[in-house]
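Student: Need a 3D model of the sequence below.
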Amino acid sequence: MRPEVLERIRGMKRASQVARAGQWSAADAVDRVALDAHERHRRRIVLTAEGGTGFLLDLPQATALHDGDGLVLDGGATIAVVAKPEPLVEIAAQDAAALARLAWHLGNRHTEVQVVGGRLRMRRDRVLEDMLSGLGARLTPVEAPFEPERGAYEHEHNRDAHT
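Tutor: Now for the predicted structure:
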């Protein structure tokens, strides 16, 4: 890393802990940082919050951050995480079996998908949208925060509970 970057990082506030949504009071946030789904899966990165607070996110491992989580700075202040709206497409089908078939085709292409009630959401992709339309899907463009399903091995859980 370049010396000027190292010097900048040394003087920054550091967030090394995540307070999960509902486990802290968002009213106590000193600032907020809006991130899309890709940006919310991080371990280490320099960020600048909306109010100008610069800080180093420095977590022990890559972590999926969610809307409403808090990034706890050294000293105890907290930066709120906000899920930034993204261009998505909402996918509906005539029935549950047809929706399951559409989900299978998306999974077969390793496409990130969010389940929203009886519909699916994915990032806009013309090729996949054409395929889904050809399979009978009803597609509606939306601008919304994206919380894709995490893989079965990526879910956070207490490993001790399984021993």
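Student: does Pro148 really touch His38, like I thought?
Tutor: No. Counting by CB atoms under 8 Å, Pro148 does not reach His38; the two are 9.8 Å apart. Quick note: C-beta positions are derived from backbone N, CA and C, even for glycine.
Student: per-domain residue ranges of this protein.
Tutor: Under the assignment automatic domain parsing, the domains of the chain span 3-83, 86-144.
Student: Now tabulate those in JSON lines and tack on mean pLDDT.
Tutor: Output for those, formatted as JSON lines (pLDDT from 0 to 100):
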{"stretch": "domain 3-83", "mean pLDDT": "90"}
{"stretch": "domain 86-144", "mean pLDDT": "97"}
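Student: Need those in a markdown table (columns: mean neighbour count).
Tutor: Converted to a markdown table, these look like this (neighbours: other CB atoms under 10 Å):
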| stretch | mean neighbour count |
| --- | --- |
| domain 3-83 | 15 |
| domain 86-144 | 14 |
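Student: who's in contact with the longest strand along the chain?
Tutor: Longest strand of the chain, by residue count under DSSP state E: strand 54-64. The contact list for strand 54-64, computed with CB atoms under 8 Å, 6 or more residues apart in numbering, reads 9, 12-18, 40-49, 71, 73, 79, 150, 154, 156.
Student: No more questions from me, cheers.
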